[in-house]
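K.L.:
need coordinates for the following:
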Amino acid sequence: MPTRPNILWICTEHQRFDTIHSLGNEHIRTPNLDRLVAEGTAFTHAFCQNSVCTPSRSSFLTGRYPVTTRCRQNGQNLPDDEVLITRVLHDEGYDCGLAGKLHVSAAFHGSERRVDDGYRMFEWSHGSTAAHGGDWVTWLGKNGKTFDDVYKRSPVIFAREVTERKYHQTTWCFDQALSFLTEEREGPWLMSINPFSAHDPFDLLPEFYDNYDPDALPPPLWRDGELDAKPPFQRAAYEKRGGPKGYAGTTERQRCEMKAAYYATIEHIDAEIGRLLDWLDQTGQGENTLIIFTADHGDMGGDHGIFQKGPYLYDPAVRVPLIFSWPGTIPAGRVYDGLVELVDIVPTIHELLGMDIPQRVQGRSLVSLFGEGIPEPAFRDGVYSEYYNANPAKTSPQRKRAYLTMWRTDSYKVVVYHGEEFGELYDLARDPNEFDNRWDDPEYRQIRADMLKACFDKAVFTMDPMPPRVSGF
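P.N.:
Numbers count the residues shown, from 1 in each chain. Okay, here's the model as predicted:
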């Protein structure tokens, strides 16, 4: 077998699909992500399986759906019998390191219960506060700094200003990665880099924020009155969510300032990626390194009158960047617009490395899409996401539980609110931005029935394929 590649896996937080310049966002500056797009294959319609951190991360690190992993909520622990791909790679001889979040277990109390994750280096940092900063905050202390020394209040809502780039949690994650990569070793390495950015509060550096003029940025997607036909969770978020102010309590200028801060955190990530790509080139390791870039889920960003995340399965919440790069193996400059899921990452790694895909894995390998031609029919006829009371403290001001499943095709999207009479149905060909809810529209009665059947079928087909059948009866 040829030498297996090193693996660099970068997973950001809250980064939605439309945040890469070369893939259509003319307002954001991402030269290094643009380089990855040019050197690899980008998937423009990649969907996570949950709009909240822990269930999404547990899903794409195992290749299994949240309902299958039984890790369906923030604050739950991934069960011990689930198998992370990093553990598999450790057993295959990879030296594995992590810098930043993992978040497959509860982390509210300032640390995270480790599972059998396979990481030799584990520089953990949730990164949101001094209490949750982990090894990064400890590192700050060794350098004579505290969290409050370097993270300051910003006039931008949902933002903080960081005084120096070298102390930023994102910079620290990439510094730790470079330290790990420069160690002497035999055999391949895997490095997971999981910064807290671009999660709110947006931890901006002025050197990047100053690149954006809020007045030149488009405001969030919004139509007056659109929430009249939307579920009550969304109307409550419009009024109440987002700290002291929901969308209704902010001005258009403030919303665009928040977008500028969000873009600034992503441009900072991009700059750190550039440092790492330069190092790979300088050391000659780039030719045999598989790079995976993605995010755990998206961010509403004010679209439809909603900030942050919660029981919302709009594309901004569940559609994320996904790029694979490996010179000589993965096509350069290919952009695939078909539907894929993040559960597809694990089986793709297995196949790229010449490993059998275990029966427990529910995703589909993307390797067929790296061939000479794009196979027909489409790789997936639809994508599926779940929200089973995934973030209870963030559901609504009334703390009402929300259980949602989504089935999305190229043409339509249905979101089923289980135990409720309301729901969402969008005609994506006529309404790609999901403004008009057709759930109760008589014209769409048959389409709704067909989409409900497809969503129910997918929910059944996500049953755990384990344990294996071992005999005829």
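
K.L.:
CA atoms for contacts and neighbours, from now on please.
P.N.:
Noted.

K.L.:
does A264 touch Y209 like I think?
P.N.:
Yes - with the criterion set as Cα atoms under 8 Å, A264 and Y209 qualify as a contacting pair; they are 4.8 Å apart.

K.L.:
higher neighbour count, those two?
P.N.:
Counted by other Cα atoms under 10 Å, A264 and Y209 do not tie: A264 has more neighbours, with 27 against 21.

K.L.:
phi first, then psi, for the spatially most central residue of the chain.
P.N.:
Most central residue of the chain, judged by C-alpha distance to the mean C-alpha position with Cα atoms, centre = their mean, is D296 at 2.0 Å. For D296, the backbone dihedrals are phi -70, psi -30 (criterion: degrees, to the nearest 10).

K.L.:
same check, this time on T12
P.N.:
The phi/psi pair for T12 (degrees, to the nearest 10) is phi -90, psi 180.

K.L.:
begin at 15 from now on, thanks
P.N.:
In the new numbering, first residue 15, that becomes T26.

K.L.:
which secondary structure elements does the strand or helix carrying R174 sit against?
P.N.:
Counting by DSSP states H and E, the element that carries R174 is strand 173-176. Secondary structure elements in contact with strand 173-176, counted by 3 or more Cα pairs under 8 Å, 6 or more residues apart in numbering; DSSP states H and E, are strand 165-167, strand 216-218.

K.L.:
which residue ranges form the helices in the protein?
P.N.:
Across the chain, reading from the start of the chain, the helices by DSSP state H fall at 45-53, 67-76, 80-83, 99-105, 149-156, 161-164, 183-195, 220-223, 246-254, 266-297, 329-332, 359-366, 459-475.

K.L.:
which one of these lies closest to E448?
P.N.:
E448 lies closest to helix 329-332 among the helices of the chain, at 8.4 Å (Cα to Cα).

K.L.:
using PDB, write out every CA atom in stretch 478-486.
P.N.:
Coordinates of each C-alpha in stretch 478-486 appear next as PDB, following Å, rounded to 0.1, in the frame of the first residue of the first chain:
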ATOM      1  CA  ASP A 478     -28.700   1.700  14.100                       C
ATOM      2  CA  PRO A 479     -27.400  -0.900  11.700                       C
ATOM      3  CA  MET A 480     -25.700  -2.600  14.700                       C
ATOM      4  CA  PRO A 481     -25.500  -5.300  16.000                       C
ATOM      5  CA  PRO A 482     -24.800  -7.300  12.900                       C
ATOM      6  CA  ARG A 483     -27.000 -10.100  11.900                       C
ATOM      7  CA  VAL A 484     -25.100 -13.300  12.400                       C
ATOM      8  CA  SER A 485     -27.400 -16.100  11.200                       C
ATOM      9  CA  GLY A 486     -30.600 -16.900   9.400                       C
END
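
K.L.:
which outside residues touch that stretch?
P.N.:
T82, Q373, R374, Q376 (Cα atoms under 8 Å, 6 or more residues apart in numbering).
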